[in-house]
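Colleague: Predicted structure and sequence below. I'll ask about it afterward.
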Amino acid sequence: MPKIFEWRGYKFFFFSNEGDPLEPCHIHVRKGGNVAKFWIVPDVTLASSWGMTAKELNRLEAKVHEIKFLIEERWNEHFNL
């Protein structure tokens, strides 16, 4: 489970086993027991969430936009794309 980034107690990561076939680039975000998943391509969009408020999700989506390049870079390195 490669951790990409940590911000305000939120951990941004993806799983090494992301399905067969591999799912499109995305990032999981966790804080405590609350989780969210954002698609990165073609556009940053919320895929799912559990336990997070709309305010948190809006802040997280903005942060994912901000680090989109880093997420894509780490994804491609990890999966040898």
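Modeller: Perfect, thanks for sending it. Everything quoted here is computed from the prediction, not taken from an experiment. Numbering: from 1, shown residues only.

Colleague: Pairing partners for the helix or strand containing Phe12, with directions?
Modeller: Element membership for Phe12 (DSSP states H and E) is strand 10-13. According to DSSP bridges, strand 10-13 forms sheet pairs with strand 3-7 (antiparallel), strand 26-31 (antiparallel).

Colleague: Just the buried residues of it, please?
Modeller: 10, 12-13 (16 or more other Cβ atoms under 10 Å). C-betas here are computed from N, CA, C, even on glycine.

Colleague: go on, stretch 25-33?
Modeller: Buried-residue list, stretch 25-33, by 16+ other Cβ under 10 Å: 25-31.

Colleague: so for it, what's the average pLDDT?
Modeller: Averaging pLDDT along stretch 25-33 gives 96.

Colleague: can you list contacts of that stretch?
Modeller: 4, 9-15, 18, 35-41, 47, 51-52, 60, 64, 71-72, 75-76 (Cβ atoms under 8 Å, 6 or more residues apart in numbering).

Colleague: Check stretch 47-57 too.
Modeller: 26, 31-39, 46, 60.

Colleague: hmm, 10 Å instead?
Modeller: With contact meaning Cβ atoms under 10 Å, 6 or more residues apart in numbering, stretch 47-57 is reached by 8, 10, 23-24, 26-40, 46, 58-60.

Colleague: biggest helix in the protein by residues?
Modeller: helix 54-66 (DSSP state H).

Colleague: Rounded mean pLDDT for that helix, please.
Modeller: Mean predicted confidence for helix 54-66 is 97.

Colleague: Can you mark which positions in that helix are buried?
Modeller: 56, 60-61, 63-64.
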